[in-house]
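K.L.:
I need the structure of the sequence given here:
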Amino acid sequence: MVPSVRRSFTVKRHRTGCIASHTLSHSLAAPNTYGVYIIHLFVVLALQLLMLGVIAPALLKFALVTVAAVLASFALTAFLRQLPWVRAVV
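P.N.:
Residues are numbered from 1 along each chain as shown. Here you go, the predicted structure:
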């Protein structure tokens, strides 16, 4: 089933063009995705450690860490890519 779903998605994508519109957020996010992939684990762990002392429902903590991790990972990657030696890697 997975190959057929993937095939139909690929066919639809090629038939309609690019699925995601080329917006400003898309053009800023695309170059940073590999860097986010590399550092997001450390960002998530740091945010979870910060949430240990917070008394709140687990679902609320999860939502806060998720949103904060996505934003912080992209911001940190964009900042780090300004450094020449990081840009060569990421």
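K.L.:
can you give me the buried ones in the helix or strand where residue 41 lies?
P.N.:
Element membership for residue 41, per DSSP states H and E: helix 33-50. Using 16 or more other C-beta atoms under 10 Å as the test for burial, helix 33-50 gives 35-36, 39-40, 43-44, 47. C-beta here means a position set from N, CA and C on the backbone, and glycine is covered the same way.
K.L.:
which SS class is residue 63?
P.N.:
helix (DSSP: H, G, I helix; E, B strand; the rest coil).
K.L.:
test my guess that residue 80 contacts residue 36.
P.N.:
No: using C-beta atoms under 8 Å, residue 80 is not in contact with residue 36, being 10.4 Å away.
K.L.:
ok, the buried residues of helix 33-50 vs residue 71, which is closest?
P.N.:
The shortest approach to residue 71 among those belongs to residue 43, at 9.5 Å (C-beta to C-beta).
K.L.:
surely that closest one meets residue 72?
P.N.:
Yes: between residue 43 and residue 72 there is a contact at 5.1 Å, judged by C-beta under 8 Å.
K.L.:
phi, psi for residue 55 please.
P.N.:
phi -90, psi 100 (degrees, to the nearest 10).
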